[in-house]
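S.K.: Quick one, fold the following:
(chains A, B, C and D)
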There are 2 protein chains.
Amino acid sequence: MDSIDAQLAAQIRHDIIHGAYPADERLSEAKLCETHKVSRTPVRLALRLLEREGIVQRGEGRGYRIVSPTITDIMQAVQVRGHLESLAARLMSQAPERENYLSHMAEAIETIDGLINLGRLDAPTMHQMQSANELFHTSILDGCGNDYIGFTCKQISHLPMLAAGSMVFDRAITNSPKRWEEGLFRLRIGNAQHQVIYEAIELGDPVRAEGMMREHSHTMITYIETFEKRDGNLTVSDLVSFSAAAQTDMPKL
Amino acid sequence: MDSIDAQLAAQIRHDIIHGAYPADERLSEAKLCETHKVSRTPVRLALRLLEREGIVQRGEGRGYRIVSPTITDIMQAVQVRGHLESLAARLMSQAPERENYLSHMAEAIETIDGLINLGRLDAPTMHQMQSANELFHTSILDGCGNDYIGFTCKQISHLPMLAAGSMVFDRAITNSPKRWEEGLFRLRIGNAQHQVIYEAIELGDPVRAEGMMREHSHTMITYIETFEKRDGNLTVSDLVSFSAAAQTDMPKL
DNA sequence: GTATTGACTTTGGGATCCCAAAGTGGGTGA
DNA sequence: TCACCCACTTTGGGATCCCAAAGTCAATAC
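M.R.: All right, here's what the predicted structure looks like:
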């Protein structure tokens, strides 16, 4: 059970990301105390946390200023995380201790493959797939030998789409058989990339491991751009609903 | 003027990095209140901050546990920052707005070159050099078009050697003319790398920009390894004294 | 009519108080 | 003598209080 301030931070973060506050809203500690029925102490701790996450800004006179993340912010952060993961893949391909993580990666690939072949893309399936994807990606962060990569990724994992192993699902996947096929095809592509990364790491090929991971990360950016083009002005809130990791992002109050 | 909690965090961080606490020391809020003559509120804020920086750990029963960063931690973090900077260099080489930052970079290279040619390597000179180096590196982070790279770098900049534009100087540089020459040569190499990075970015060559920046970052790791081999068991505290950026890390209480 | 100044209000930082949970030690019973 | 249980202490989370600084508004003087 998290303490009140962590829950509060999650709640406020959720509200901000989902656009509950107008742009450039100035929120005060007192207001938050009232609306969330808590004292000022946890509110201050939560605000400090959010300040460090870059979601609110302090200073500039009194009050905290909200800095809602934009789609651009998210894509930039995804690029950063992807680049860090490509470093992890490279390092892991030359790390002796990678043996201990290879089986997890293989298991994750297997699981995802099985789920794709089921042909169902309902919520529980997507959730299982996301779990397997998370296992794959965290295995690389854990097994690369540089603990700081995982640590740094965690530092920016509060944004939507940036939790470990987040996947993008097309919300419009059930609209037509064509979309459905496209969705399945994208998942197959993604898992084929996983397979290549796995092989490169297993065989100790740093160039291939880094390159393929770079491409794999780039794929997510491409998808987001596709959705943005297709759906017009995509909001960050829309993007969250695309991500299977969204559930874990929800504060359970 | 920073608030008390920020000063306090800097002070405690400084103490931890310089080994003022025994390994696995369990520090309590009350003790810190007493030793630093402040109330518990700023202490709690400071500890939360340090917790997020990974320097102390919470939970696991009562009390906070100190996690002193090791030389390995620092080198891993340097690797992460270097990799992020190589992304920045690549992106900047293709960013239209890079024009606005090129002059700063050229100026920094010029300044460093002039300082090297002076042949003096005293504290003020090294400080000037560090400033110019910082200008060079922050220009890339600012001009690459992805604000999140700079943001992420800032998140890990509390460790020694990880502030923007930190340089490694050989403490033993005055021991012999040979060391002196070596030190100057290393600085020349570093600035030559700056020059290549600058050209690659100006000419819009992403591969060369990224590759050279990668090498440039790797150079610092190599130096640290050299010092470690030569001086036996190097402590983090030693490493701090190597860095010209150490001054800015000192809390001014 | 406008600008400046002074009083009042708002707001965040720091200190103190209270409480619940976890750790600790001693006493008692088997 | 050893184990278990209960009381006490320690410690961190949350609430409340106080204060100083900044913002605001109005009144007065030019």
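
S.K.: And the contacts of the strand or helix carrying residue A:240?
M.R.: Per DSSP states H and E, residue A:240 falls inside helix A:236-242. For helix A:236-242, contacts defined as C-beta atoms under 8 Å, 6 or more residues apart in numbering or on different chains pick out A:17-19, A:68-71, A:74, A:160-161, A:168-171, A:224, A:227, A:231, A:246, A:249. Backbone N, C-alpha and C define where each C-beta goes, glycine included.

S.K.: any idea whether residue A:46 is helix, strand or coil?
M.R.: Here residue A:46 is recorded as helix under DSSP: H, G, I helix; E, B strand; the rest coil.

S.K.: dump the residue contacts of the one residue sitting closest to the centre of chain A.
M.R.: In chain A, the residue lying closest to the centroid (C-alpha atoms, centre = their mean) is residue A:162, at 2.3 Å. Contacts for residue A:162 (C-beta under 8 Å, 6+ apart) come out as A:74, A:77-78, A:81, A:156.

S.K.: did I read that right, residue A:234 in a strand?
M.R.: No - counting by three-state DSSP, residue A:234 is not part of a strand but coil.

S.K.: Make sure it is actually in contact with residue A:71.
M.R.: Yes - using C-beta atoms under 8 Å, residue A:234 is in contact with residue A:71, at 5.7 Å.

S.K.: How about the residues of the stretch 1-150 of chain A by DNA strand D?
M.R.: Within the stretch 1-150 of chain A, the positions adjacent to DNA strand D are A:3-5, A:38-42, A:45, A:61-62 by C-beta under 7 Å from any atom of the strand.

S.K.: ok, now with 6 Å
M.R.: Counting by C-beta under 6 Å from any atom of the strand, the stretch 1-150 of chain A comes close to DNA strand D at A:3-5, A:38-42, A:61-62.

S.K.: Of those residues, which qualify as buried by neighbour count?
M.R.: A:4-5, A:38, A:42 (16 or more other C-beta atoms under 10 Å in any protein chain shown).

S.K.: Out of these, the closest to chain B would be?
M.R.: Each of these was scored against chain B by C-beta to the nearest C-beta, and residue A:5 proved nearest at 8.4 Å.

S.K.: so which helix or strand takes in the closest one?
M.R.: Using DSSP H and E, residue A:5 maps to helix A:4-17.

S.K.: Now that helix: buried residues?
M.R.: So for helix A:4-17, counting by 16+ other C-beta under 10 Å, buried means A:4-5, A:7-14, A:16-17.

S.K.: Stretch A:91-98 now?
M.R.: By 16+ other C-beta under 10 Å, the buried positions in stretch A:91-98 come out as A:91-93, A:95, A:98.

S.K.: Then stretch A:233-243?
M.R.: Neighbour-count burial for stretch A:233-243, counted by 16+ other C-beta under 10 Å, picks out A:234, A:236, A:239-240, A:242-243.

S.K.: So which bits of chain A are right by DNA strand C?
M.R.: With C-beta under 6 Å from any atom of the strand as the criterion, chain A meets DNA strand C at residues A:28-30, A:44, A:58, A:62-64.

S.K.: Just the closest of those residues to residue A:211, please.
M.R.: The closest of those to residue A:211 turns out to be residue A:58 (C-beta to C-beta; 41.2 Å).

S.K.: Leaving out sequence neighbours, find the closest residue to that closest one.
M.R.: Once flanking residues are discounted, residue A:58 sits nearest to residue A:51: 5.2 Å by C-beta to C-beta, 6 or more residues apart in numbering or on different chains.

S.K.: quick one: what helix or strand has the one you found in it?
M.R.: Assigned by DSSP H and E, residue A:51 belongs to helix A:40-53.

S.K.: Local confidence estimate at the residue of chain A most remote from its centre?
M.R.: In chain A, residue A:61 marks the outermost C-alpha relative to the chain mean, sitting 33.4 Å out by C-alpha atoms, centre = their mean. If you check residue A:61, the pLDDT there is 70.

S.K.: same deal with the one 5 residues further on?
M.R.: Here, the pLDDT recorded for residue A:66 equals 89.

S.K.: Let me know how buried it is, in neighbour terms.
M.R.: 19 (other C-beta atoms under 10 Å in any protein chain shown).

S.K.: Relative to residue B:149, which of the buried ones among the residues of the stretch 1-150 of chain A next to DNA strand D is nearest.
M.R.: Nearest to residue B:149 among those, counting by C-beta to C-beta, is residue A:5 at 29.0 Å.

S.K.: Quick one: residues contacting that closest one.
M.R.: Taking C-beta under 8 Å, 6+ apart, we find residue A:5 in contact with A:41-43, A:45-46, A:49.

S.K.: Also residue A:188?
M.R.: Residues near residue A:188 by C-beta under 8 Å, 6+ apart: residue A:116.

S.K.: Tell me which residues of the helix or strand residue A:216 falls within come out buried.
M.R.: Assigned by DSSP H and E, residue A:216 belongs to helix A:206-231. Going by neighbour count (16+ other C-beta under 10 Å), the buried part of helix A:206-231 is A:208-214, A:216-217, A:219-221, A:223-224, A:227.
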